[in-house]
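Asks: sequence and predicted structure below; questions after.
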Amino acid sequence: MSDATLSFDEAMEQFDPVLGFEVHVELNTKTKMFSSAPNAFGDDPNTNVNEVDLGMPGVLPVVNKAAVESSIKIGLALNCEIAESCRFARKNYFYPDTPKNFQTSQYDEPIAHNGWIDIELEDGEVFRVEIERAHMEEDAGKLTHLGGATGRIQGADYSLVDYNRAGVPLVEIVTKPIVGAGRRAPELARAYVAAIREIVKNLGVSDARMERGNVRCDANVSLMPKGATKFGIRSETKNVNSLRSVEHAVRFEIQRHAAVLAAGEKVTQETRHWHEDTRTTTSGRPKSDADDYRYFPEPDLVPIHASREWVESLRAQLPEPPAERRKRLKAAWGYSDPEFRDVVNAGVMDSIEETISAGASAAAARKWWMGEIVGRAKVADVDPAELGVSAAAIVELNGLVEGGKLNNKMAGQVLDGVIAGEGTPTQVMEARGLVLVSDDGPLLEAIDAALAAQPDVAEKIRGGKTQAVGAIVGGVMKATRGQADAGRVKELILERLGVEA
Amino acid sequence: MAEITRDDVAHLAQLARIEMSPEELDKMAGELAHIVDAVKSVSEAAGPDVPATSHPIALSNVFREDTVGHVLTPEEALSGAPDAEDDRFKVPAILDEE
């Protein structure tokens, strides 16, 4: 059964959305949260496990100090207070992804609480999102459902479990309810998750690759009638694991809730499953009460006391926050708002920064990345940085163009060669025989041939229609296989015909 | 006397994945109330001046350095599994959680 929806505009006329997010961040420590088994992605099944991860009887978990330090850094980057003392708790549930039958988490004493971050939307509007808490816990194993036709849990005969991921350190970041986003709620959802991903990546505490599940989002949505202050009943859409999906899932849930409420019915408090293919959600299980998890303090682990000295020494290690860095770079480079936004959205800010420190001007760096490399990356369907064009190569290539050794068209061919791994720009240029013809002798020969081939055009130019010169330039470029300096060619043609430019 | 209903017991049994007969549910509803009362007597002994204890030993910050240590082979990991396939644990499909 598919759920009815109102259009987004209709929903926004009648209701105000309230959002809330739980974002799970996998830390990139070398080992797991409570065991010394490796924390690694993509290895063969059950090769990164030991007795602790498998929940064997009699094992003793020990906390990974690096994971605690990463968690504190995340808390600090989110402007949270770091608890002087906190402890772990057992969250009890039975599911084969957790061999212990409980997840070691934090409940009443998270390591970080009461923070905020400012989220800037694409047009520059800023929303402050308040952070309720950030707590430490462990990831679960990975289930593969088999036997049924679909590979989905419905209809599966059995499941296979790989515990490599079990025990990987997680930090769960929980927002306070976000009110007042209005019709920008879906955009804000995307921007919030993007900001968290950027922060943890910048801190170096997570690989932050959403496609690998390093950053995973549960999105809570509820609606209240316009102007109301009492929150409605919420749904929680689980595991929305790309930025695009986060935006679509929030939008869909707003439209679905609106249809339920507009029909005079009540929204069911439940988890929802996100389906990327149809961009819809379907009903999951009713939301469990916290009581049902029967949390209690983890008896195998002792409390963590974060001394103020420790916290301050970690604070001193924090890198410049991404939002501040963007502000600084934009001012330094002198890009306009839309220019800078395009650079950020294309994901080449870091690359441009490197290119400028390698010696290019801000304008040249932008020209090469935005004008040449981004388009090629799109065609190849990879991130621009993955094309493997080094900052040094761009500086060299730019120098060849500015020094009159290459025209733009040839530079593009050289760039293709660099991307294809043919060597440095100079090597590619030589290997491909790309030499800009600016020697007047061969050019004049080609010009005379082109003029002779198109006498009517030559006549027009003589008669003062200088814009017609393009046709002759084209002929010359063709004759020189694109290796002529077009500006010089134009000058020479006009000279030859005795016309003032 | 704490009030533990038959439904409370049935709910707990379901959470703990314990199968209980109707007779057992009835019996346990009465007994659990007594057990809860017995535990509650602790709160009479400990006044508000006694802080809650979650760990008997006054230790904190027991940490491990982030270096890879003991790891099992898949064969060892799966040696106690009732069933396995492709180096993974094979378990019945469980529908109600996902």
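Replies: Noted; the coordinates are in hand.
Asks: pop out the phi and psi values for residue A:259.
Replies: Phi and psi for residue A:259, reported as degrees, to the nearest 10, are phi -70, psi -40.
Asks: where do the helices sit along the stretch 251-400 of chain A?
Replies: A:308-315, A:322-333, A:337-345, A:349-357, A:362-366, A:374-380, A:391-402 (DSSP state H, counting those that start in this stretch).
Asks: got the buried residues for the last one?
Replies: Neighbour-count burial for helix A:391-402, counted by 16 or more other C-beta atoms under 10 Å in any protein chain shown, picks out A:391, A:393-401. (C-beta placed from N, C-alpha, C; glycine too.)
Asks: in which helix or strand does residue A:191 reside?
Replies: Using DSSP states H and E, residue A:191 maps to helix A:185-203.
Asks: what stretches of chain B score poorly on pLDDT?
Replies: B:95-98 (pLDDT under 70).
Asks: tally of neighbours for the residue of it found nearest chain A?
Replies: Using C-beta to the nearest C-beta, the point where chain B gets nearest to chain A is residue B:69, with a distance of 3.0 Å. If you count neighbours by other C-beta atoms under 10 Å in any protein chain shown, residue B:69 ends up with 12.
Asks: on the three-state scheme, the residue lying closest to it once chain neighbours are set aside is what?
Replies: Once flanking residues are discounted, residue B:69 sits nearest to residue A:36: 3.0 Å by C-beta to C-beta, 6 or more residues apart in numbering or on different chains. Using DSSP: H, G, I helix; E, B strand; the rest coil, the three-state assignment for residue A:36 comes out as coil.
Asks: wait, residue A:36 sits on residue B:70?
Replies: Yes. With contact defined as C-beta atoms under 8 Å, residue A:36 counts as touching residue B:70 (5.9 Å).
Asks: tell me where chain B has strands.
Replies: Using DSSP state E, the strands found in chain B span residues B:63-64, B:84-85, B:88-92.
Asks: can you tell which of those strands is closest to residue A:357?
Replies: strand B:63-64 (38.0 Å; C-beta to C-beta).
Asks: so what are the sheet partners of that closest one and their directions?
Replies: strand A:63-64 (parallel) (DSSP bridges).
Asks: next structured bit after the strand it pairs with?
Replies: Assigned by DSSP H and E, the successor of strand A:63-64 is helix A:65-77.
Asks: next, the angle from that next one to helix A:185-203.
Replies: Between helix A:65-77 and helix A:185-203, the angle comes out at 130 degrees (axes from the mean of the first three to the mean of the last three C-alpha atoms, to 10 degrees).
Asks: report the rounded mean pLDDT for helix A:65-77.
Replies: Confidence for helix A:65-77, expressed as mean pLDDT, is 98.
Asks: next one: stretch A:212-225
Replies: 96.
Asks: in that stretch, what's buried?
Replies: A:213-224.
Asks: cool, stretch A:260-280 as well?
Replies: Applying 16+ other C-beta under 10 Å to stretch A:260-280 flags A:260-261, A:267, A:271-274, A:280 as buried.
Asks: of all those residues, which comes closest to residue A:337?
Replies: residue A:274 (33.2 Å).
Asks: from residue B:19, how far off is the closest one?
Replies: 34 Å (C-beta to C-beta, to the nearest Å).
Asks: could you do residue B:68 as well?
Replies: For residue B:68 relative to residue B:19 (C-beta to C-beta), the value is 42 Å.
Asks: spatially central, which residue of chain B would that be?
Replies: residue B:16 (7.5 Å; C-alpha atoms, centre = their mean).
Asks: bridge partners for residue B:64, pull those for me.
Replies: What pairs with residue B:64, by the bridge criterion (DSSP bridges), is residue A:64.
Asks: please look at it and residue A:33 and confirm they touch.
Replies: No. Shown here, residue B:64 and residue A:33 do not form a contact pair, counting by C-beta under 8 Å, at 9.9 Å.
Asks: which pair of the buried residues of stretch A:212-225 spans the longest distance?
Replies: Most distant of these, by C-beta to C-beta, are A:214 and A:224, 33.7 Å apart.
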